[in-house]
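J.: structure for the following, please:
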Amino acid sequence: MTTQPKLIVFSAPSGAGKTTLVKYLLQQPELNLAFSISAASREARGEEQHGKDYYFLGIEEFKNRIRNKEFLEFEEVYKDQFYGTLKKEVERLWALGKNVIFDIDVVGGLRLKSKYPERCLAVFVKPPSINELQKRLKGRKTESPEKIAMRVAKASTEMATAPQFDVIVENNDLEKAKLKSYNLVKEFISQSIKDEEE
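T.: Have a look, this model is predicted:
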């Protein structure tokens, strides 16, 4: 049985450290990972580049693509602010023989898991506490107090979804979290899987 390319999903409340873990895993060549670039309906911010950080589509184009069923998953995170995973993006990376890694919100992560139950490893990154999360978000100095309060409020709901994921990685100690994540991914990608129906 050959090992097919897999999906590795990292989801977490904002500030839990999922992006740091994903970047670390992408630097390990033996894992053969490629990053799935999400689509967004918003404009690029700061240094962000189309096709590198996100596919910036604009609201109308995003809605058209929803109607054309071009997404594996999408969500309206805030009013008229959509994010999603294009089917084409995953197919492009699989065609290169890569395992695809995602850094997406909990709703999107669980949707991907339900679409590919055997082929997807869904990892929930858990912060030490909501207070610690708040501290990290403030420390970034990238968002207003209102935006931080909104993210913290959302985090409580997101934390409640943790048991629905395949595995929880607690990010109290970054080095330990990196090692645990690495071992989980390495073991998962080495497993054979049954062919799944689309």
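J.: packing partners of the helix or strand hosting residue 189?
T.: Using DSSP states H and E, residue 189 maps to helix 174-190. In terms of contacts (3 or more CB pairs under 8 Å, 6 or more residues apart in numbering; DSSP states H and E), helix 174-190 is packed against strand 7-11, helix 18-26, strand 120-126, strand 167-170. In short, each C-beta sits where N, CA and C put it, glycine included.
J.: low-confidence ranges, this structure, go.
T.: 1-3, 193-198 (pLDDT under 70).
J.: can you give me the helices in it?
T.: In the chain, the segments counted as helices under DSSP state H are 18-26, 59-67, 87-95, 106-115, 130-140, 145-159, 174-190.
J.: quick check: bridge partners of residue 85?
T.: Assessed by DSSP bridges, residue 85 has beta-bridge partners residue 73.
J.: pull up the gap between it and residue 163, please.
T.: 23 Å (CB to CB, to the nearest Å).
J.: neighbour count winner among these two?
T.: Neighbours per residue (other CB atoms under 10 Å) separate residue 85 from residue 163, with residue 85 holding more: 25 against 7.
J.: mind listing what the more buried one touches?
T.: 36, 38-39, 71-74, 102, 104, 108, 112 (CB atoms under 8 Å, 6 or more residues apart in numbering).
J.: surely residue 111 and residue 73 touch.
T.: Yes. If you go by CB atoms under 8 Å, residue 111 and residue 73 touch, sitting 3.9 Å apart.
J.: that older thread, for the helices and strands packed on helix 174-190, give me JSON lines that also has mean neighbour count and distance to residue 142.
T.: Below are the helices and strands packed on helix 174-190 laid out as JSON lines (neighbours: other CB atoms under 10 Å; distance: least, CB to CB, whole Å):
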{"stretch": "strand 7-11", "mean neighbour count": "26", "distance to residue 142": "20"}
{"stretch": "helix 18-26", "mean neighbour count": "19", "distance to residue 142": "13"}
{"stretch": "strand 120-126", "mean neighbour count": "23", "distance to residue 142": "19"}
{"stretch": "strand 167-170", "mean neighbour count": "16", "distance to residue 142": "24"}
